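Asks: Need the 3D shape of this:
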Amino acid sequence: MGLWMYFCRMEEWYHYLLLVVVGFTVGFVNTIAGGGSLLSLPVLIFLGLPPAVANGTNRVAIVFQTAMATAGFKSKGISTFPFNMYLAAAAFVGSIVGAYIAVDIKGETFNKILAIVMMAVVLIIVFKPKMKEALVEERTKGKYLVLSTIAFFFIGIYGGFINAGIGFIMMIFLHSFNKLSLVKTNMTKVSIACVYTLAALAVFAYNDKVEWLVGGVLALGNGSGAWVASRYSVKKGDGFIKKFMVVMIVIMAIKLWFFNS
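Replies: Predicted coordinates:
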């Protein structure tokens, strides 16, 4: 898959502007909650990238996004080290497994899986348990650390395979099981995602499933959105975005399921 082929597919200047705008939205939403890849993945596919290449290219933006979000949280003094790195190591290994599954899957099959994932995440967005800040003791050691490490190996497999909607899964687990505050939950989530996405990106790149120019443009938007969201915190101004995303996810899921040609 040559760079020139993709450049020709995206010869209109506004395609790149669209990527930056979509990237900013995705970076902001992913950092606050999750599910942003459910918007960026279909956009990349609709702009002409094969599904597996769109999946790999999206990882370029996610790496930059999560690195910027992690830096943003750290600049505000938020950290869960070394707990987050234990989970990140487990997710790193799982991500390699998931990415190898993803690079070998057929485009039509991937589209159908993505459509199912989209609808599942819509249900999570609508019906997920309400998460509140609570003054309870964090569970980050002993048996809780062991069980969390095992869980994040499997979460890493999913992250390496498709990644879409994984932010919700990590948030619900870290907040409900490990009893982290929402701010610490988000900091832990983005730092783990940064580590395991590096592993997935390496697998996709090795198998020639990354379009670096497109991924770089998308990354500019993702990183900017992540920096803003991480510094100006959790849960403000995302209501409209979530409603908009639900509508877009339903439309794109129908398109991917019924109109693959």
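Asks: what sits against residue 86?
Replies: 145, 148, 149 (CB atoms under 8 Å, 6 or more residues apart in numbering). Bear in mind the C-beta positions are built from the backbone N, C-alpha and C, glycine included.
Asks: Apart from its neighbours in sequence, what residue is nearest the last one?
Replies: Read it as residue 149. Nearest residue to residue 149, sequence neighbours excluded (CB to CB, 6 or more residues apart in numbering): residue 90, at 4.6 Å.
Asks: Give me the distance between that neighbour and residue 164.
Replies: For residue 90, the distance to residue 164 equals 20 Å [CB to CB, to the nearest Å].
Asks: just checking, residue 185 touches residue 176?
Replies: No - the criterion here is CB atoms under 8 Å, and residue 185 misses it with residue 176 at 9.6 Å.
Asks: sec struct for residue 35, please.
Replies: coil (DSSP: H, G, I helix; E, B strand; the rest coil).
Asks: Residue 174 contacts residue 190, doesn't it?
Replies: No - applying CB under 8 Å as the test, residue 174 and residue 190 come out as separate, 11.3 Å apart.
Asks: Compare those two (neighbour count), which wins?
Replies: Shown here are residue 174 and residue 190; by other CB atoms under 10 Å, residue 174 has more neighbours (31 against 27).
Asks: Tally up the residues packed near the residue lying closest to that one once chain neighbours are set aside, please.
Replies: Distances taken as CB to CB, 6+ apart put residue 185 closest to residue 174, at 4.5 Å, once the chain neighbours are dropped. If you count neighbours by other CB under 10 Å, residue 185 ends up with 22.
Asks: quick one, what contacts residue 185?
Replies: Contact partners of residue 185, counting by CB under 8 Å, 6+ apart, are 170, 171, 174, 175.
Asks: What is the nearest of these to residue 223?
Replies: Nearest to residue 223 among the contacts of residue 185, counting by CB to CB, is residue 170 at 19.6 Å.
Asks: Going by neighbour count, list what's buried in the helix or strand containing the closest one.
Replies: Secondary structure from DSSP states H and E places residue 170 in helix 166-176. Under the neighbour-count criterion of 16 or more other CB atoms under 10 Å, helix 166-176 has 166, 167, 168, 169, 170, 171, 172, 173, 174, 175 buried.
Asks: And stretch 197-212, by the same measure?
Replies: Within stretch 197-212, the residues that count as buried by 16+ other CB under 10 Å are 197, 198, 199, 200, 201, 203, 204, 205, 207, 209, 210, 211.
Asks: what two of the residues you listed have the greatest distance between them?
Replies: Pairwise distances across the buried residues of stretch 197-212 peak at 19.1 Å for 199 and 211 (criterion: CB to CB).
Asks: How is residue 97 assigned, secondary-structure-wise?
Replies: Under three-state DSSP, residue 97 falls in the helix class.
Asks: ok, the nearest residue in space to it that is not next to it in sequence - contacts?
Replies: Distances taken as CB to CB, 6+ apart place residue 157 nearest to residue 97, at 5.1 Å, with adjacent residues excluded. Neighbouring residues of residue 157 by CB under 8 Å, 6+ apart: 94, 95, 97, 98, 101.
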